[in-house]
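>>> what's the 3D shape of this:
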Amino acid sequence: MSDIAHGDTAASFEPHRRHLMALAYRMLGSLAEAEDAVQDAYLRWHKTERAGVENPRAFLSRIVTRLCLDQLKSARSWRETYVGPWLPDPVVEGAMLDADTASDRPRRRIGGNPGAASL
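From the prediction side, this is the model:
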């Protein structure tokens, strides 16, 4: 695929990225898993014949929803054998879900080893 066609794919996907990230995060409760689902949706969007898609936002939302449901089904069996409590990631501020990906931003450490800083 040429760079121009690839640019068209990205340009048609980016306006929906924030909505898709919010949708995936609400379903999965994990920012990393949400990013994975959105990236998988982009790859499927890249392979799709977009001329036949009437509403890209609805199409992409459906893809992300199905990917999240598949992820939750596989996670359910993992959690059934996990003995500790399962807690979702902390709530992400709206600024973290801008059109650019959250992975482009520096990650913040939560907690950590306070003694490691003095080494």
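>>> on contacts alone, who are the packing partners of the strand or helix carrying His19?
Remark: His19 resides in helix 3-28, with elements defined by DSSP states H and E. Other elements packing on helix 3-28 under the criterion 3 or more Cβ pairs under 8 Å, 6 or more residues apart in numbering; DSSP states H and E are helix 31-47, helix 56-81. The way it works is simple: take the backbone N, C-alpha and C, and place the C-beta from them, glycine included.
>>> the inter-axis angle of that helix versus helix 31-47?
With axes from the mean of the first three to the mean of the last three Cα atoms, to 10 degrees as the criterion, the two stretches helix 3-28 and helix 31-47 enclose an angle of 140 degrees.
>>> how many neighbours does Tyr45 have?
To be clear, residue 45 is Trp; Tyr isn't right here. If you count neighbours by other Cβ atoms under 10 Å, Trp45 ends up with 20.
>>> same question, Ala24
27.
>>> Check Leu23 too.
Residues lying near Leu23 (other Cβ under 10 Å) number 20.
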